[in-house]
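[1] Okay, structure incoming, though there's no sequence with it:
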């Protein structure tokens, strides 16, 4: 370890470094924690960009559960970064608790969808059907063409795709 003069014994130092590695003893715990924090930061930034684009496109901002989870995820990741940098385990706990809750909700959601697959007349299947009905109707209306519209489209394609020799 460290003697009175402050010198570090290299053999003990290497053993400690090998002891505190994760993922098949190939990545240090601190670097792995940084990788997890950077990964979650990228997910949060992507989510923020998608929400900003959708609010710009639809000109209305929705305050819903997704935004609440986005804010709580951001706080947890900031806490994770701070805990890693300052090496305070207490600041790692919000991220850990949020991860446990997220996995729990994902499992419940998986069971919800699985119940819809197993029993098509269940409450879950009806809720999924109601949620998809509006989207299916939108696409059906979008794809619905009259014979005149189809004829005009064919005429336009013929004019623009004929090659002049």
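    Everything's here; your move. Source: prediction; values computed, not measured.

[2] Following element in sequence after the lengthiest helix in the chain, please.
    Longest helix of the chain, by residue count under DSSP state H: helix 29-58. Using DSSP states H and E, the helix or strand that follows helix 29-58 in sequence is helix 65-86.

[3] Report the angle between the very next helix or strand once past that next one and helix 65-86.
    Along the chain past helix 65-86, the next helix or strand (assigned with DSSP H and E) turns out to be helix 93-118. Put simply, helix 93-118 runs at 140 degrees to helix 65-86, going by axes from the mean of the first three to the mean of the last three CA atoms, to 10 degrees.

[4] buried stuff in helix 93-118?
    94-95, 98, 116 (16 or more other CB atoms under 10 Å). C-betas here are computed from N, CA, C, even on glycine.

[5] ditto for stretch 44-57
    Under the neighbour-count criterion of 16+ other CB under 10 Å, stretch 44-57 has 44, 47 buried.

[6] hmm, back to that, same list, the buried residues of helix 93-118, but as CSV with distance to residue 47 please.
    Below are the buried residues of helix 93-118 laid out as CSV (distance: CB to CB, whole Å):
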residue, distance to residue 47
94, 18
95, 16
98, 15
116, 26
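
[7] Looking at these, which gets the smallest pLDDT?
    Lowest in pLDDT among the buried residues of helix 93-118 is residue 116, which has 85.
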